[in-house]
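Student: Return atomic coordinates for the entry below.
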Amino acid sequence: MTHWFKVILLYLLPHHSLSRIVQWNARCRHFPLRKSITRWFIRHYNVDMSEALEPDPEAYPDFNSFFTRALRPEARPIVQNVGHICCPADSTISKIGDIQGTQIFQAKGHTYSLVDLLGGSEERAQPFAGGRFATTYLSPGDYRRVHMPLSGQLVETVYIPGRLFSVAPDYTESVPRLFARNERVACVFQTEVGLMAVVLVGAIFVGSIETVWAGEITPPQGKDIKIVNYTTDDSIIQLKCGEEFGRFNMGGSTVIVLFGPGSVNWQTGLGPETRVQVGQALGRVQ
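Tutor: Numbers count the residues shown, from 1 in each chain. I've put the predicted structure just below:
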């Protein structure tokens, strides 16, 4: 009963307004409780500050700077074996497997449409139909930066407006089509095995989603899908496997990686609730 009350309450909350309030406070450099909140956060989520490029929590000018802190390069070694797919984020695997036609498994009988996830374009979704997907959940205590699963050249980014439901496991099991309803940014890359999509899914209290080439994409949130093409000679962006390409500011979040059919195989032994880190092998190209 308590769980369903929380789900119903989540439907009623003003997702974007609450997230903007959290964003403002997280970036306020004169927030009176910042240091106390940071110390509590480190204790509560067992944050290992020895991995941070700046290990002193009081050196960060605001809470969001601490939340999105960089790590020492040696803290997350990138798998060097040729043909491996790197994990894009410190996270917990939610689901990993095959895309059934154009349907992706969410949880407990819930699926969502590949077409909806990628902004309603059948043309954009078609290369991934029947392919493979990996969904990873970043808890608030996880490292917040997202890295390239495989070297590639950026084709386009697609901002898709939506709600900001929580993406914590309890809610993915209860809110139908959650990932295709939340605000998100889909980044499509051309790789050695064809197209790859990395979808950054926002959630309640996620202050913003940003990429290294465009900065903050949201906020401000909008009502229309926004597509930016990067295939002209003066806009080419190439990123290597393991290189940072985006981040979430505040909140729990989700990263979904998509590949086309016959392109990759996932590592054996990976499944729901498996803990993974940036740079470790998720699979390999076929």
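Student: List the contacts of the residue minimising distance to the centre of the chain.
Tutor: When C-alpha atoms, centre = their mean is applied to the chain, the residue found nearest the centroid is Val255 (3.0 Å). By C-beta atoms under 8 Å, 6 or more residues apart in numbering, the contact set of Val255 is 88-89, 91, 135-136, 138, 146, 198-201. C-beta: built from backbone N, CA, C; applies to glycine.
Student: wait, which of those is closest to Gly242?
Tutor: Pro88 (9.3 Å; C-beta to C-beta).
Student: and the gap between the closest one and Phe248?
Tutor: 12 Å (C-beta to C-beta, to the nearest Å).
Student: okay, and the common contacts of those two?
Tutor: With C-beta under 8 Å, 6+ apart, Pro88 and Phe248 have common neighbours Val146.
Student: pLDDT below threshold where in the stretch 1-150 of the chain?
Tutor: 1, 3-28 (pLDDT under 70).
Student: if we go to 80?
Tutor: Along the stretch 1-150 of the chain, segments meeting pLDDT under 80 span 1-33, 108-109.
Student: Where does the record place the domain boundaries for this protein?
Tutor: 2-67, 79-285 (automatic domain parsing).
Student: For Pro73, which of the ones you listed is the nearest?
Tutor: Using C-beta to C-beta, those put domain 2-67 closest to Pro73, at 8.5 Å.
Student: What is the end-to-end distance of that closest one?
Tutor: 30 Å (C-alpha to C-alpha, to the nearest Å).
Student: next one: stretch 75-89
Tutor: Stretch 75-89 end-to-end distance (C-alpha to C-alpha) = 13 Å.
Student: What of stretch 213-229?
Tutor: End-to-end distance (C-alpha to C-alpha), stretch 213-229: 13 Å.
Student: ok, and for it, which residues are buried?
Tutor: Under the neighbour-count criterion of 16 or more other C-beta atoms under 10 Å, stretch 213-229 has 214, 217-219, 221 buried.
Student: same thing with stretch 150-162?
Tutor: Buried residues in stretch 150-162 (16+ other C-beta under 10 Å): 150-152, 154-155, 157-162.
Student: cool, and stretch 61-78?
Tutor: 62-69, 71, 75-76, 78.
Student: what's the answer for stretch 135-153, then?
Tutor: 135-138, 140-152.
Student: same check, this time on stretch 268-286
Tutor: Applying 16+ other C-beta under 10 Å to stretch 268-286 flags 270, 276-285 as buried.
Student: now stretch 35-53
Tutor: 38, 41, 47, 51-52.
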